[in-house]
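[1] Next input, structure requested:
(one chain, ligands or ions: 1)
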Amino acid sequence: MEFSSKLLENAVYHMSQLPGIGKRTALRLVLHLLQQPVEQTSDLSRSLLALREEIKFCSNCHNISDVALCQICANPKREQDVVCVVEDIRDVMAIENTGQYIGLYHVLGGKISPMEGIGPQDLTISSLISKVGQNQIKELIFALSSTMEGDTTNFYIYKQLKPYDIKISTIARGISVGDELEYADEVTLGRSILNRIPFEGSLKAT
Ligand SMILES: [Zn+2]
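    Predicted structure coming up:
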C-alpha cells in the first residue's frame, strides 16, 4: 500500500496491529476518523490510554476492575466459597448475564497452550491453588470452553488440587464442543451452570 502521507501510513499501521483488522479496514477506519470532529479522535485516544495505564485487576479473582476488590467479590450476598474458573472477563460477563450464578469467579487470564507457549505459570493458577489451600473454597466449577486447551487446563488444575478436600464440578455441556462461552445463549449457559456435574464423572465419560 502506497501512502501519500507518512502520518496516514503510521496511523494505518498501528490500527492494523489490532486483531481482525487488515490494512484495508485500518485505512477505512482512519479515513473515517479524519472525517469526524477532532474530539472523537482525542476522546478515543484518551480513553484507550487511560484504560491501559489505570486498569486494575481484582486482588481476589483477577477480573478487570476499577478498584482493588471487584464489585462481585465485594458483594456480601454472593456465595464466597463457590468459585467458577473462567478464562477471561468475557466469560464472567456471559455468566453474569444469565443471572443464575451467585458465587464468585477466578479469572485465569488464558488457557494452557503449549502451541502458543502459554504454560501454567503464565496464568493465575498458583493464586487459585493458594486460595484452596487457605480453605476459602468449598466448590470449584470449571467453565472453560471445551477445546483441547480448556480440557488441558481443567485437568492440570484438577491434578494440582488432588491433595485437597474440595468439590470440583464442571458446567454441563449443552454447549457443543469448541463453542466459546461468550457465544452460548443465556438460557443454555444458565442451565449448564445450575446442572453442573462432578468433574471426575466428566472424565470417565470421555
Ligand atoms: Zn473479584
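[2] Please enumerate the strands of this protein.
    Ranges of strands in the chain, per DSSP state E, are 56-57, 64-65, 79-86, 103-107, 139-142, 167-170, 197-198.
[3] Pick out the shakiest of the ones you listed, pLDDT-wise.
    Out of the strands of the chain, strand 197-198 stands lowest, with a mean of 86 (criterion: mean pLDDT).
[4] Could you pull out the buried residues of stretch 20-34?
    By neighbour count on 16 or more other Cβ atoms under 10 Å, the buried set for stretch 20-34 is 26, 27, 29, 30. For the C-beta atoms, the positions are set from N, CA and C on the backbone; glycine is no exception.
[5] Please state the backbone phi and psi of the spatially most central residue of the chain?
    Nearest to the mean C-alpha position of the chain, by Cα atoms, centre = their mean, lies residue 88 at 0.7 Å. Per-residue torsions, residue 88: phi -150, psi -180 (degrees, to the nearest 10).
[6] OK, contacts around it?
    Applying Cβ atoms under 8 Å, 6 or more residues apart in numbering to residue 88 gives the contacts 107, 108, 109, 110.
[7] ok, now residue 96?
    Contacts for residue 96 (Cβ under 8 Å, 6+ apart) come out as residue 72.
[8] separation between it and residue 9?
    Distance of residue 96 to residue 9, given as Cβ to Cβ, to the nearest Å: 42 Å.
[9] Equivalent analysis for residue 120, please.
    Separation of residue 120 from residue 9 (Cβ to Cβ): 41 Å.
[10] what does residue 163 give?
    57 Å.
[11] Compare these two and say which is more crowded by neighbours.
    Shown here are residue 163 and residue 9; by other Cβ atoms under 10 Å, residue 9 has more neighbours (15 against 9).
[12] just checking, that one touches residue 3?
    Yes - with contact defined as Cβ atoms under 8 Å, residue 9 and residue 3 form a contacting pair (3.9 Å).
[13] Flag every buried residue along stretch 145-161.
    Buried, per 16+ other Cβ under 10 Å, within stretch 145-161: 145, 146, 149, 150, 151, 152, 153, 154, 156, 157, 158, 161.
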